[in-house]
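In: this one's structure only:
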């Protein structure tokens, strides 16, 4: 990893400015755009009806807001592949707002056929967001107004790539390792289409982590793919990651029909786990000095995430909450559930059967626990630790 970081950093980075893309999808056809537009109108109606005058702003965030959402084509039917991610801004969220958001999301999900995730944000946080990857993508154009006062978007303090600590890159890689781990454990996550989705997301995370590390992060995945191509000759990047990143973008154009070049999904997934695992371990060894072996990484006593701007409860509070909910043992080491979850995800994603046993011990389970039990425990821990 040090080979990449040693490259000359950009002498100047332009301040990002929000923009509203003219399309929702990477495919960009009239039929794809019209399908997403109809979905957005339905979602907007649910949100506006649920919050009424409490609403300060409703906005779409993520891939569709950037114009890079994925599409599935089945015969003559097109539909969204990704979840729809939205934020609702109110002056000060309360428990009733959380209920409104969940209800509106469920109703909208039933109408549009994919999950609709609505996050509640206070007006103060929205206007002065912490320097996380999520808010960086919002600042770089990953936001699209659907209701409320659009002027809030113009008033928001922007997050630039140089403001985002590399802990966020580590967190991104850990979250994607969790997706790989869940697919290894089977159940609904072992479905072929889910394997493919998790594999591509892990590849994109690896490429994005490189670009953050060398100060080349760009607003869109298309731009980042081009920038990553210039690093293909660097040993710690290599041509495999460059090609896989471009393949992940092709997947977004028609997620339902994408197959690996050789047609072997399970073989492709194993190779993705191997390649991304090597990169992930090397990145964390460089970033925080963690062991490069997945099993040693799982038992490492060091700290992966020193900076957690979104962790309002602090390490002690988060650890106690996870223990109280029965999803994490209470110990002085690895107190924050994000630390435990990341190590367990890495062990399962890259460590084979021995890694699953190591993850079970980390989570306070019997080493021979079933895949179903381990999968369930990871999902519950994710709710308080990701």
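Out: Good, I have the coordinates. Note that the structure is a prediction, hence the values are computed from the model and not measured.
In: for the nearest residue to residue 63 once chain neighbours are set aside, give the beta-bridge partners.
Out: Nearest residue to residue 63, sequence neighbours excluded (CB to CB, 6 or more residues apart in numbering): residue 69, at 4.4 Å. In short, each C-beta sits where N, CA and C put it, glycine included. Beta-bridge pairing for residue 69 (DSSP bridges): residue 25.
In: what count of nearby residues applies to residue 69?
Out: 23 (other CB atoms under 10 Å).
In: and the gap between it and residue 44?
Out: Distance, residue 69 to residue 44, using CB to CB, to the nearest Å: 16 Å.
In: the longest helix seen in the chain packs against which elements?
Out: In terms of residue count, the longest helix belonging to the chain (DSSP state H) is helix 265-288. Applying 3 or more CB pairs under 8 Å, 6 or more residues apart in numbering; DSSP states H and E, one finds that helix 265-288 makes contact with helix 167-184, helix 192-213, helix 238-253, helix 294-298, helix 337-350.
In: avg pLDDT for it?
Out: The pLDDT scores in helix 265-288 average 97.
In: same deal with stretch 33-43?
Out: Averaging pLDDT residue by residue across stretch 33-43 gives 94.
In: buried ones in that stretch?
Out: For stretch 33-43, a neighbour-count test (16 or more other CB atoms under 10 Å) marks 33, 35-36, 39-40, 43 as buried.
In: again with stretch 107-116
Out: In stretch 107-116, the ones that count as buried by 16+ other CB under 10 Å are 107-109, 112, 116.
In: let's see which of those residues end up in helices.
Out: Checking those against DSSP H, those in helices are 107-109, 112.
In: returning to that earlier point: right, and the helices and strands packed on helix 265-288 - which one's nearest residue 264?
Out: Closest to residue 264 of the helices and strands packed on helix 265-288 is helix 192-213 (CB to CB; 10.9 Å).
In: between that closest one and helix 265-288, how big is the angle?
Out: 30 degrees (axes from the mean of the first three to the mean of the last three CA atoms, to 10 degrees).
In: so for helix 192-213, what gets flagged as buried?
Out: 195-213.
In: next: stretch 289-301.
Out: Quick answer for stretch 289-301 (16+ other CB under 10 Å): 290, 294-295, 297-298, 300.
In: in JSON lines, list these along with distance to residue 267.
Out: Supplementary listing: those in JSON lines, determined by distance: CB to CB, whole Å:
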{"residue": "290", "distance to residue 267": "29"}
{"residue": "294", "distance to residue 267": "20"}
{"residue": "295", "distance to residue 267": "24"}
{"residue": "297", "distance to residue 267": "25"}
{"residue": "298", "distance to residue 267": "26"}
{"residue": "300", "distance to residue 267": "30"}
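In: of those residues, which pair is most distant in space?
Out: Farthest apart among these by CB to CB are 290 and 295. That separation is 12.1 Å.
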